[in-house]
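Engineer: What follows is a protein structure lacking sequence information:
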RNA sequence: CGGGGCGUAGCGCAGCCCGGUUAGCGCGCCUGCUUCGGGAGCAGGAGGUCGGGAGUUCGAAUCUCCCCGCCCCGACCA
């Protein structure tokens, strides 16, 4: 295993190294697509399970809509086309044909099989879904309609990075229909709150909730909300979005319902999503120069037990003891792995499990057995202590809780240290020429001004925080009057 | 798509400028012995279309041209 590049030497190489060393994902033969390996997919499965339970708790149900979308569907909502047309993969044929070019047998699309109407591979599913919703919704009794789907989507990106931006990615997309604008807005905000809870309580990733500016809004949305997290290089990452779609899609797809008074009206819609991108955020929030660090609540393996022995006799004592501890802990903390591999020495195993981010390691050898104890080590801060057998059932879960809290606290601390309020353009440019971070500044509200800032500095408005300071001031860039501060940062 | 860097064993690299034995090193892998509480030691062994194609040459990893891929920086974006 090659060494992991230090964060301070080259942050993007560090990121790639952590993914390789943790065996999370690899590049595929297709540019921009990735193979998610079992260690990486286990994280996604836990994300799915936790979010899915929450969605269902709130009354949503899952369904599945097709990968291919008739090209004409995308064209129905003007802003939507504008947003996605330039990054769509298109299916034009349905058959291949063998042919010989320069003496080599090769395959070409059979010209005879050209499709009448071409299909696009979904970049998101609003259009297919709303085309169906038209058939399912007639009365206010059909509302609200609360559907989620787990799927893959494709956006043909120019530049890709593992998890953060891949041509194909996995996500969930919720699509709901409501009888009133108020209900639609409430759903949008409720789901944003679900994402905030998930990021902060499960992933130990502090986020800033707020509204996107008009420029940054989802194509076809009336209002877009986001949660924004800070990575260890001080850049912002949008960790999830929730959109109030108003009646835009209902109008484009003619989805109407009759209310209790007999009045016919278009329905109100929302959509919200979190993708495999969040795994990139998770990596960049917690991991260190020795590799991946996973918060206990999302880690596939909560603890790994390393039995230590020399002779066969010792092995026969130590392994059953390790198995017994694992069996005792599993009902309390979840998956526990006993690393029984022979030939590998304990130190090697420690290093390997550290690279893979397992939160807690328990070491048990002959000396521990004699003392009826194990050594318990935390991945994130190297804290190591002896724990008596009788204490395990309380000490291990307590340690996992401590780790979860510690990871959140230290991420929050980092964000606090890299968040400032700025008043002048000089301070602003100086900050983003240097270490960067989050800057809370006044902004006039003009989209052209926002674009000008981005062109000059590559800094964007991440969102307009809900809990922002609303005292009046002067726009950081143009000096015009402003009614409150917004969150500026360089973003992923 | 522009600018820069890189493609040689599973991984990391040397060799290339100045063409010439059988293409080398470290890690990993296989076998054996000794080891084993923080990445073990010794011995033996397996593993290569030198990214692909064309050309120059008696001879190409090495020189020339074209192509492909990867990484970084920009334009685009979740």
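Structural biologist: That came through, no problem. As the structure is a prediction and not an experimental result, all values here were calculated from the model. Numbers count the residues shown, from 1 in each chain, chains lettered A, B, ... in the order given.
Engineer: and the spatially most central residue of chain A, what does it touch?
Structural biologist: Against the mean C-alpha coordinate of chain A, by Cα atoms, centre = their mean, the closest residue is residue A:278 at 1.6 Å. Counting by Cβ atoms under 8 Å, 6 or more residues apart in numbering, residue A:278 makes contact with A:47, A:199, A:203, A:239-240. From N, CA and C alone the C-beta is placed, and that goes for glycine too.
Engineer: just residue A:164 next, same as before
Structural biologist: Neighbouring residues of residue A:164 by Cβ under 8 Å, 6+ apart: A:237, A:277, A:280-281, A:492.
Engineer: If we ignore the residues flanking it in sequence, what's nearest it?
Structural biologist: With Cβ to Cβ, 6 or more residues apart in numbering as the criterion, residue A:164 has its nearest non-adjacent residue at 4.0 Å, and that residue is residue A:280.
Engineer: and the one you found, how far is that from RNA strand B?
Structural biologist: To RNA strand B, residue A:280 is 8 Å away according to Cβ to the nearest atom of the strand, to the nearest Å.
Engineer: Number of residues surrounding that residue?
Structural biologist: A count of nearby residues for residue A:280, using other Cβ atoms under 10 Å, gives 24.
Engineer: One more: residue A:302?
Structural biologist: Look at residue A:302: counted by other Cβ under 10 Å, it has 23 neighbours.
Engineer: Quick check: it touching residue A:399?
Structural biologist: No. Contact criterion Cβ atoms under 8 Å: residue A:302 and residue A:399 do not qualify, at 10.1 Å.
Engineer: Using CSV, please lay out the contacts of residue A:164 together with pLDDT and distance to residue A:224.
Structural biologist: Output for those, formatted as CSV (pLDDT from 0 to 100; distance: Cβ to Cβ, whole Å):
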residue, pLDDT, distance to residue A:224
A:237, 94, 16
A:277, 93, 16
A:280, 93, 20
A:281, 94, 18
A:492, 88, 17
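Engineer: From RNA strand B, how far out is residue A:334?
Structural biologist: Counting by Cβ to the nearest atom of the strand, the gap from residue A:334 to RNA strand B is 22 Å.
Engineer: ditto for residue A:192
Structural biologist: Distance from residue A:192 to RNA strand B, by Cβ to the nearest atom of the strand: 14 Å.
Engineer: and that residue, how many residues sit next to it?
Structural biologist: 25.
Engineer: in what helix or strand does the residue nearest to residue A:195 when sequence neighbours are not counted lie?
Structural biologist: Of all residues not flanking residue A:195 in the chain, residue A:240 sits nearest, at 3.9 Å (Cβ to Cβ, 6+ apart). For residue A:240, the host element (DSSP states H and E) is strand A:236-246.
Engineer: Which elements pack onto that strand?
Structural biologist: helix A:181-197, strand A:223-230, strand A:268-275, helix A:277-286 (3 or more Cβ pairs under 8 Å, 6 or more residues apart in numbering; DSSP states H and E).
Engineer: Domain boundaries for chain A, per the record?
Structural biologist: A:11-88+A:123-286, A:92-120, A:303-399, A:419-489 (automatic domain parsing).
Engineer: So for the last one, mean pLDDT?
Structural biologist: Domain A:419-489 comes out with an average pLDDT of 93.
Engineer: got it, and the second one?
Structural biologist: Model confidence over domain A:92-120, given as mean pLDDT, is 82.
Engineer: most tightly surrounded among the domains of chain A?
Structural biologist: domain A:11-88+A:123-286 (a mean of 19; mean count of other Cβ atoms under 10 Å).
Engineer: For residue A:420, find the nearest of the helices and strands packed on strand A:236-246.
Structural biologist: Among the helices and strands packed on strand A:236-246, strand A:223-230 comes nearest to residue A:420, with 12.4 Å by Cβ to Cβ.
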